[in-house]
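In: Please find the sequence and the predicted model below.
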Amino acid sequence: MSRPLLSSLRRPILSRHIIRPTSIPSVRHASTTTSGPRRFLSSTLFVAGGVLLIAYYYDSRSLLHEHVVMPVVRFGLDPEEGHKLAVRILSWDKWARPRDMGVDAKELQAELFGIPIQNPVGIAAGFDKDADAIDGLFDLGFGYVEVGSVTPEPQPGNPKPRFFRLEEDSAAINRYGFNSLGHGYTLSKLRSRLISFSQTHPSLFPSPLSKNPSPPKGLPRSLRPGQLLAVNLGKNKTSSADSNEDYIKGVRTLGPYADVVVINVSSPNTPGLRALQGKQILENLLKDVVSERNKIASQDGLPKIAVKVASDLSEDELADVASAVRGSGVEGIIISNTTVKRKELDLNSSRQDEIGGLSGKPLFPYALKALKTLRPLLPPSIPIIGCGGVSTGEDALLMARAGASLIQVYTSFGYRGVGTPRLIKDEITTHLIESKSSWKNEIGKDWKSGGSTSSSSMGWDMTVNKLKQQSDQIKEEAKSLADLLKQLSDKESMADLISQAEKALGLSSSSSSSSPSSSSPSSSNVDGSNPSVTVSNGIGGPRDNLAGASSSGTGQGVIGNESDDVASGLIESGGANTRSIESNSPQEQSSNQTPSTSAESQADNGVGAPSIQQALLSTPAAIDLTPQVIVDSPVIPEPTLDERDNQWSQAVKTGQRRLV
């Protein structure tokens, strides 16, 4: 084969394998043609999602907080660290923290110490210990915010770990031990809050503003109408157990900035503190606190004093607490604090044996029982705040029906999140609307009798009725006593009249008993010739020595002047009402003695005739009025005129009668 042929055969083959560059078509992106609508849609979705997320964050009742945020916090943070994070978030500026977006229904309106409150749900002490998040808690919808416990001097509390979750039991155990930054720090927070308020409400404060401004007149010290601020006071561990000075300092320092000052004597985490719940010790403490409170110079009233006690107390101990409160002037009670009980609670958590006070749902039955025990022991003017295990609206209503004016939450706030107050208020409102009732009408409903709907009858129907009966009985006894005193007064007046009458006649009741001539038969002369003569009037009083004795005139009581003759004549004119007793000798007197009245018997026995007053006060002897039939009684002939003359002459001669 020739070379040209071979060359021709190879060219096509080589040409087939020659790679020539080809033009690559340009890639067309979707954004070059439809970029505007798609970008707008994606941006809108992003912004809407952000707005929705922010709205969910700001609205405390959104499910985001209870079912997303709180589980994440419990999973990722230590309990105490999660507690601190919650306080820190609520202490942020208003624009950065969640708040209650709902509106409280009119059925939720409550009252404490005569002060109207927009709703009955409060936060207990122990959450905001140093008053860092007061406004944040109010913005969540609490009607009552209690900060503390605050001790006079800063103290770190007990060693960590000291806060434990019992999730299986919806409970918690803490042994914080009054960790506090002290009165000074809390005072600075309260004052700075007041100064910030004065800058936004300058018309409510004097100008220029003082360095230590006081809360404005006409507003609660919470600076929010319809909401109250309380400060809970504790005691330093280093303070003397029998000293009340820590509480007195707290009242003096923080009292002017609080609506309510709470005396905490029930924390189980401070040694010896619960011993202050004894009757005499507690009463002395509360009296000192009230006395110091009364010294506060305030232009708009004084803070109220409440004491916080534990549900672990027995019925007798709760009665002692009630007695101490009644006797000290304290205005309210909070029941209860945490409990040290464990076996009785039937807990499931492995943390149940941790030392400290337990709070949460297992505590509720015991707090409710203590409330029912304490309520009848207090007057209506002393309200009770129910606390301990309240987690739902139904729990709150059970507390109200037992007599609580307000309720407080603590552990449930840690489990349900910032929406807890709104959720509980909505649950309460739903029930109240269905039953056509109100919170005020529910208070004390368990104690009302006869289906009464008046809250004034709460819990005290039996006590009030009993007191009314006792009052009526005392009134009857007082009336009887007044009648008796009147009778005694009348008798004394009669006795005075009798005494004056005797003095006017020249007689004395004492003379009849003290005069030798009338006390005994021996009052006659030694020779027995001059006997004493006793004459009684118609009343029964004595008339001693009105008839003269013998002509010798040696006997006592001889009447020798004209006035005596007149008196003797008046006695004679009495006829049957006068009686003369003559006796020539003691032997003759005894032989001639006949039965007579008791007064005559006393005179004959030597005791002396009774005075007019004694006769009035003595009980008369019974007289037998049964008719007696005298059989064959001899007829006594009536004396003739000569015999009557002879008797009269004989009487004149013997001295028994005298001519007038």
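Out: In hand now; what should we look at? Residues are numbered from 1 along each chain as shown.

In: Isn't G356 up against L166?
Out: No - contact between G356 and L166 fails when scored by Cβ atoms under 8 Å: they sit 11.1 Å apart. (C-beta placed from N, C-alpha, C; glycine too.)

In: Quickly list what's touching both of these two.
Out: Residues touching both G356 and L166 (Cβ atoms under 8 Å, 6 or more residues apart in numbering): I173.

In: Looking at the two, which one has more neighbours?
Out: Set G356 next to L166 and count neighbours by other Cβ atoms under 10 Å: L166 wins out with 23 against 20.

In: Thought R351 was touching that one, still the case?
Out: Yes - the pair L166 / R351 is scored as a contact, 5.3 Å apart, by Cβ under 8 Å.

In: Name the residues contacting each of these two.
Out: Jointly contacting L166 and R351 under the rule Cβ under 8 Å, 6+ apart are I173.

In: Run through the bridge partners of V145.
Out: Per DSSP bridges, the residues bridged to V145 are I123, L229.

In: show me the contacts for it.
Out: By Cβ under 8 Å, 6+ apart, the contact set of V145 is G122, I123, D128, I134, L137, F138, S222, Q227, L228, L229, A230.

In: Could I get the full set of helices for the stretch 301-450 of the chain?
Out: 315-328, 364-374, 393-402, 411-416, 420-434, 439-442 (DSSP state H, counting those that start in this stretch).

In: TSV for those helices, including mean neighbour count, distance to Q118 and mean pLDDT?
Out: TSV is the format used below for these (neighbours: other Cβ atoms under 10 Å; distance: least, Cβ to Cβ, whole Å; pLDDT from 0 to 100):
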stretch	mean neighbour count	distance to Q118	mean pLDDT
helix 315-328	18	27	91
helix 364-374	21	23	95
helix 393-402	22	15	96
helix 411-416	22	19	93
helix 420-434	20	10	95
helix 439-442	22	11	94
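
In: can these go into TSV with extra columns for distance to I173?
Out: Formatted as TSV, the helices of the stretch 301-450 of the chain follow (distance: least, Cβ to Cβ, whole Å):
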stretch	distance to I173
helix 315-328	23
helix 364-374	15
helix 393-402	20
helix 411-416	10
helix 420-434	20
helix 439-442	31
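
In: out of the ones you listed, nearest to A478?
Out: Set against A478 and scored by Cβ to Cβ, these come closest in helix 315-328, at 24.5 Å.

In: Show residues contacting that closest one.
Out: The contact list for helix 315-328, computed with Cβ under 8 Å, 6+ apart, reads 277-280, 282-283, 286-287, 289-290, 307, 309, 313, 333, 370, 373-374, 377-379, 382.

In: From those, list just the buried residues.
Out: Buried members of these, counted by 16 or more other Cβ atoms under 10 Å: 277-279, 282-283, 286-287, 289-290, 307, 309, 313, 333, 370, 373-374, 377-378, 382.

In: Which of those residues fall within strands?
Out: Judged by DSSP state E, the buried ones among the contacts of helix 315-328 include V307, V309, I333 as members of strands.

In: Next, the contact list for the first one, please.
Out: With contact taken as Cβ under 8 Å, 6+ apart, V307 is in contact with V262, I263, V265, L282, L286, V321, V325, V330, G332, I333, I334.

In: ok, so of those, who is nearest G301?
Out: Of the contacts of V307, the one sitting nearest to G301 (Cβ to Cβ) turns out to be G332, at 14.9 Å.

In: Tell me what that closest one is bridged to.
Out: Bridge pairing for G332 - DSSP bridges - gives A306.

In: Please report how far the closest residue to I281 other than its chain neighbours lies from I474.
Out: What sits nearest to I281 in space, not counting adjacent residues and going by Cβ to Cβ, 6 or more residues apart in numbering, is A275, at 7.0 Å. Distance of A275 to I474, given as Cβ to Cβ, to the nearest Å: 38 Å.

In: before we move on, what about K361?
Out: The spacing between K361 and I474, counted by Cβ to Cβ, is 48 Å.

In: These two: which has the busier surroundings?
Out: The neighbour comparison of K361 against I474 (other Cβ under 10 Å) goes to K361, with 20 against 10.

In: The more buried one and S391 touch, don't they?
Out: Yes - under the criterion of Cβ under 8 Å, K361 makes contact with S391 at 5.7 Å.

In: what's the overlap in contacts for the two?
Out: Joint contacts of K361 and S391 (Cβ under 8 Å, 6+ apart) are S170, T411, S412.

In: what's the pLDDT at the nearest residue to the last one once chain neighbours are set aside?
Out: Spelled out, it's S412. Excluding the flanking residues, the one nearest S412 by Cβ to Cβ, 6+ apart is S391, at 3.7 Å. At S391, the predicted lDDT confidence score is 94.
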